[in-house]
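Colleague: turn this into a structure:
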Amino acid sequence: MRVVSYGGGVQSTALLVLAAQREIPYRTFLFANTGDDSEDPRTLNYVRHIAANYAATRGIDLHILDRRKRYGELETLWGRMMRRDSRALPIPVRMSNGKPGKRSCTKDFKVQPIGKWLKFHGASADNPADVGIGISLDEIGRATNRHSEPYERIHYPLLELGLRRTDCIEIIRKAGLLVPNKSACFFCPFKSRNSWAKMHRDRPELFRKACHLEDILNIRRRHDHKDPVFLTSTGRPLREAVTRAQDELPIDVGCDSGWCMT
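Modeller: Below is the predicted model:
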């Protein structure tokens, strides 16, 4: 069994094009959806309409996987945090010193849904699936940190081909596809201040929703006599941090296939 863990960003979309061109031996792509209320809407639109249509016309199976509880109930990352009785902090919120806290979002909403699909279709420790990951040469450090599960063998087709992010963009454009945006949950604390500022400017309703999440988390933290947490590394609430940072913003760096290590 060969599949690609599809993130909906530049690198993994380049893998989709390469698969369609028979340059790499993958015909199944798996996109783990953290939730329609959690993923960046632009990513969901790209995956469902652009990537899915491209895959379907080229004989590639692209599956969108949701997280399901034991009895089939749909669970989203946003829903887990916003549940009235929840104290969950599954995302890597920033502590007062700017460092990210522990997270379970990647494991619960990315790794597990894909793993469940693989095992249902026959993958096991004795018969592991080959799983392609979209990591390019210029972010090779991410490959060394990618943990593999017993039922999978991890492969890095872009590294094997010696391709960088710029090469991926060119591959996508030559295929006649739009280049996707950076993929991640819209409230991801790994987002740069530049990205937050663009959201504040271009998608104010989504920005306000992220601010609301931060407010809710800290109302609960105060009730439990705990230190506040933030969605940026500034140690200030999101609405303050981005407003003060807009004059001098850092360069927006990072991978385009998501911060989830998938």
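Colleague: could you name the helices and strands sitting against the longest strand along the chain?
Modeller: Determined from DSSP state E, the single longest strand within the chain is strand 61-68. Judged by 3 or more C-beta pairs under 8 Å, 6 or more residues apart in numbering; DSSP states H and E, the packing partners of strand 61-68 are strand 28-33, helix 52-56, strand 74-75, helix 112-120. All C-beta atoms are positioned from the backbone trio N, CA, C, and that covers glycine.
Colleague: each with direction, which strands does it pair with?
Modeller: strand 28-33 (parallel), strand 74-75 (antiparallel) (DSSP bridges).
Colleague: just say which of those is most tucked in.
Modeller: Comparing those by mean neighbour count (mean count of other C-beta atoms under 10 Å), strand 28-33 ranks first with a mean of 24.
Colleague: so where's the protein shaky on pLDDT?
Modeller: Scanning the chain for pLDDT under 70 picks out the ranges 145-146, 244-262.
Colleague: all helices for it, in order.
Modeller: 10-20, 41-45, 52-56, 77-82, 105-106, 112-120, 141-144, 157-160, 165-174, 193-202, 204-223, 238-245 (DSSP state H).
Colleague: just name the most buried of those helices.
Modeller: By mean neighbour count, with neighbours taken as mean count of other C-beta under 10 Å, helix 10-20 ranks first of the helices of the chain at a mean of 26.
Colleague: how long is stretch 23-37 from one end to the other?
Modeller: 35 Å (C-alpha to C-alpha, to the nearest Å).
Colleague: Gln21 - nearest residue in space that isn't next to it in sequence?
Modeller: Leaving aside its sequence neighbours, Gln21 sits nearest to Ala175 (C-beta to C-beta, 6 or more residues apart in numbering; 7.9 Å).
Colleague: same check, this time on Tyr54
Modeller: Residue nearest to Tyr54 in three dimensions, not counting chain neighbours: Leu177, with 6.3 Å by C-beta to C-beta, 6+ apart.
Colleague: my understanding was that the one you found contacts His49; is that so?
Modeller: No: using C-beta atoms under 8 Å, Leu177 is not in contact with His49; the gap is 11.3 Å.
Colleague: so the two - more neighbours on which side?
Modeller: Each of Leu177 and His49 has its neighbours counted (other C-beta atoms under 10 Å); Leu177 has more, 18 against 10.
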